[in-house]
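Asks: Just the structure for this:
(one chain, ligands or ions: 1)
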Amino acid sequence: MSHPVLIIGAGLAGWQTAREFRKLDTTTPITLVTANAGDFYAKPTLSNAFGQKRGPAQLVTTPAATIAQTLNVTLLPHTQVTAIDTATQTLHTSAGPLPYRDLVLATGAQPIRVPLQGDAADGVLSVNSLDDFAVFHQRLTALGEDASQVRVAIMGAGLIGCEFANDLAGAGYQVTVIDPYDRPLAALLPPTASTQLQAALSELAVQWQLGATVQSVNAGSDGLSLGLSNGQTLSADIVLSAVGLRADTALAQASGIAVERGILVDKQLRTSASHVWALGDAAQYASAASPGALTGRTLPYVMPIMAAAKALAANLHGTDTALAFQAMPVAIKTPALPIVAHPPAPGQLGQWVEQVLGEWWFASAEAADTHHGFVLTGSHTSKRMTLVKQMAAAA
Ligand SMILES: Cc1cc2nc3c(=O)[nH]c(=O)nc-3n(C[C@H](O)[C@H](O)[C@H](O)COP(=O)(O)OP(=O)(O)OC[C@H]3O[C@@H](n4cnc5c(N)ncnc54)[C@H](O)[C@@H]3O)c2cc1C
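Replies: Residues are numbered from 1 along each chain as shown. Down below sits the predicted model:
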């Protein structure tokens, strides 16, 4: 029997590649190796589950065995990949060596951990997987049935921090968000949009510590005591860190595969090693180059994965296919103020221009009528497809 297409990772990138490949090829063996159980879930649901009273078990949309059977995939769950021998095309895993015809790295990203002082610093949680969510959910619900008595400190007012703030405050928890910037979602939104979001979340009783970072977490007589860089002390019962993710490049790097902020892939999703491909949160896409930059960038969102999996499947099938990303705005799950953001590529010169409150365009520095991004809030989010089409037409 020929060696399989081997996929590492049972996240959206791994399973979607298997799904797209099976549309083109029903016979080539596929093996999927993953450190977790392999159940399929939509990761975006992790940050709006509390409001919907859904626990980890309810978030699984397809159990691992079902999806593996449907796609005719040999699944190796709870299996850690330890090394890749690109010369002999062999994967080394906790279940033994596995030869491959082609290898797909879909290893995702890891939460960034900021160094913290204090005797309770190790108890700070992050949520980037269903397993992480199960721990967070268990710890939070164990603090008592009355959410209004439970204080949650969220480090980071980025996309994930704001989504959790909305979800948990909406579910009745006392939420405080701490961020070094002076406004939420500072990296994605123009200032007036941040102001709108801050006001909407404040209406849900979210408290803010902006322009500050958490320095220490200690256990005290009143739960946890957080020491902040602005000299203040904050009491909380649980701390969620949402300060960002970093592509998981360790395995690729140790195997001699070229990495920067992610695993470098060309427009066909090839890495620097032959027969090895990558996509998803782990990848740094040449198809998403910033202006003036030699290499691409990471795109840790759902829509890029869907496009990348389709192109990768075609390449694995032998049809040379260059990945081209369309405009892919991100819907931010803050129901207090719905937001659709299509930020400009990093390094893009220009400025945000407010059309009306709720609609911003990122105008090019060279030609003000050329737009490289937009942000829509509230009822203006319904214009999302119109603006995507306008940008595509002008490109
Ligand atoms: C809370 C939250 C909300 C989000 N909301 C949105 C949203 O609304 N819209 C949007 O577009 N995006 C959103 N995202 C981002 C989106 O969910 C991710 O981009 C996407 O799920 C990443 O999928 P992935 O398959 O690349 O990585 P992952 O889901 O991280 O999967 C990686 C897989 O690799 C396995 N693995 C890693 N290393 C090894 C190893 N050495 N051996 C074996 N297995 C290994 C892991 O076990 C895992 O199965 C959100 C992310 C989070 C955390």
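Asks: Could you look up the SS state of the residue nearest to the spatial centre of the chain?
Replies: With the centre of the chain defined as its mean C-alpha position, the nearest residue by Cα atoms, centre = their mean is residue 300, 4.6 Å away. Put simply, residue 300 is coil when judged by DSSP: H, G, I helix; E, B strand; the rest coil.
Asks: For the remainder of this discussion, apply numbering that starts at 10.
Replies: All right, first residue 10 from here; so that's residue 309.
Asks: hang on, isn't it packed against residue 288?
Replies: No: counting by Cβ atoms under 8 Å, residue 309 does not reach residue 288; the two are 11.3 Å apart. All C-beta spots, glycine's among them, are computed from the backbone N, C-alpha and C.
Asks: any idea how far the residue of the stretch 60-209 of the chain found nearest the ligand lies from residue 149?
Replies: Residue of the stretch 60-209 of the chain nearest the ligand, by Cβ to the nearest ligand atom: residue 117 (2.3 Å). Distance, residue 117 to residue 149, by Cβ to Cβ, to the nearest Å: 24 Å.
Asks: close enough to count as contact, residue 228 and residue 129?
Replies: Yes: applying Cβ under 8 Å, one finds residue 228 in contact with residue 129, separated by 4.5 Å.
Asks: So for the two, which residue has more residues nearby?
Replies: Just comparing residue 228 and residue 129: by other Cβ atoms under 10 Å the higher neighbour count belongs to residue 129, 17 against 12.
Asks: buried ones in the strand or helix carrying residue 361?
Replies: Assessed by DSSP states H and E, residue 361 sits inside strand 359-365. Under the neighbour-count criterion of 16 or more other Cβ atoms under 10 Å, strand 359-365 has 359, 361 buried.
Asks: What strands line up against it, and which way round?
Replies: strand 368-373 (antiparallel) (DSSP bridges).
Asks: tell me what the helix or strand following the partner strand is packed against?
Replies: Downstream of strand 368-373, the first helix or strand assigned by DSSP H and E is strand 380-386. Helices and strands touching strand 380-386, by 3 or more Cβ pairs under 8 Å, 6 or more residues apart in numbering; DSSP states H and E, are helix 200-212, strand 348-351, strand 368-373, helix 393-403.
Asks: Quick one, which of the ones you listed gets closest to the ligand.
Replies: For the helices and strands packed on strand 380-386, proximity to the ligand was assessed by Cβ to the nearest ligand atom; strand 348-351 is nearest, at 10.5 Å.
Asks: quick one: contacts for residue 241?
Replies: The contact partners of residue 241, by Cβ atoms under 8 Å, 6 or more residues apart in numbering, come to 218, 221.
Asks: Tell me the backbone dihedrals of it, please.
Replies: Backbone geometry at residue 241, expressed as degrees, to the nearest 10, gives phi -80, psi 160.
Asks: For the residue nearest to the centre of the chain, give its distance to residue 157.
Replies: Here residue 309 is placed at a distance of 33 Å from residue 157 (Cβ to Cβ).
Asks: follow-up on the earlier one: which of the helices and strands packed on strand 380-386 sits most buried?
Replies: The highest average neighbour count among those, using mean count of other Cβ atoms under 10 Å, belongs to strand 348-351 at a mean of 22.
Asks: Need the residues that contact that strand.
Replies: Residues from elsewhere that reach strand 348-351, judged by Cβ under 8 Å, 6+ apart: 194, 197-198, 202, 206, 336-341, 382-386, 390, 393, 396-397, 400.
Asks: still on that earlier bit, quick one, what contacts the residue nearest to the centre of the chain?
Replies: Going by Cβ under 8 Å, 6+ apart, residue 309 touches 118, 254, 256, 290.
Asks: ditto for residue 121
Replies: Contacts for residue 121 (Cβ under 8 Å, 6+ apart) come out as 252, 253, 254, 255.
Asks: just residue 205 next, same as before
Replies: Neighbouring residues of residue 205 by Cβ under 8 Å, 6+ apart: 346, 366, 367, 386, 387.
Asks: can we see that at 7 Å?
Replies: With contact set as Cβ atoms under 7 Å, 6 or more residues apart in numbering, residue 205 has these partners: 346, 386.
Asks: re the thing from before, need the buried ones from the contacts of strand 348-351 selected in ChimeraX.
Replies: To isolate the buried members of the contacts of strand 348-351 in ChimeraX, using 16+ other Cβ under 10 Å:
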select :194,197,198,202,206,336,338,339,340,341,382,383,384,385,386,390,393,396,397,400
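Asks: among the contacts of strand 348-351, which are within reach of the ligand?
Replies: Applying Cβ under 6 Å from any ligand atom to the contacts of strand 348-351, one finds that residue 339 fall near the ligand.
Asks: in the stretch 160-309 of the chain, which segments are predicted with low confidence?
Replies: Across the stretch 160-309 of the chain, the ranges flagged by pLDDT under 70 are 300-303.
Asks: Helices of that one, start to end?
Replies: 168-179, 200-212, 259-263 (DSSP state H, counting those that start in this stretch).
Asks: picking up where we left off before, between residue 228 and residue 129, what contacts are shared?
Replies: Shared contacts of residue 228 and residue 129 (Cβ under 7 Å, 6+ apart): none.
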